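S.K.: Give me coordinates for this.
(one chain, ligands or ions: 1)
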Amino acid sequence: MSENGCTFCKIASGEEELEIGHEEEGMMAFRSIGGETPAHVLVVPRDRASSPEEIGQLSEGVAKRSFEAAQAVAEKMDVAGSGYAFRINNGSDAGQEIFHLHAHVMGGRKMRMT
Ligand SMILES: [Zn+2]
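M.R.: Below you'll find the model as predicted:
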């Protein structure tokens, strides 16, 4: 059971069921609900850190594994060749909605920086 009501902690603990699209050591990835691009997957460390400021709370190498998971899901979604964004929204101005550190892997259409 997750003690904090966090959706991603619930998914990590199995309390909330969701199809995990990719998994590797300490990481999970699944489709974003209401994705902004045709291909939109979230890459989420199983352990909780609310922001990059707290990344020290996570296991060694979590940033590297995030990039590796992003590349793997991009290949699975067939956007690795056409290009994808790997984005972390940190804080409310950036559009962060769930305060459990995660990255967006987005592709399948042309994007701009904003
Ligand atoms: Zn969480």
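S.K.: ok, the closest residue to Ala12 other than its chain neighbours - contacts?
M.R.: Nearest in space to Ala12, with sequence neighbours left out and distances taken as CB to CB, 6 or more residues apart in numbering, is Arg46 at 4.2 Å. The way it works is simple: take the backbone N, C-alpha and C, and place the C-beta from them, glycine included. Contacts for Arg46 (CB atoms under 8 Å, 6 or more residues apart in numbering) come out as Ala12, Gly26, Met27, Met28.
S.K.: Please narrow those residues to those residing in helices.
M.R.: Ala12 (DSSP state H).
S.K.: and of the contacts of Arg46, the nearest to the ion?
M.R.: Nearest to the ion, judged by CB to the ion, of the contacts of Arg46 is Ala12 at 7.0 Å.
S.K.: could you list every residue that touches that closest one?
M.R.: Counted by CB under 8 Å, 6+ apart, Ala12 has contacts Ser2, Met28, Val44, Arg46, Asp47.
S.K.: ok, now Glu19?
M.R.: Phe30, Arg31.
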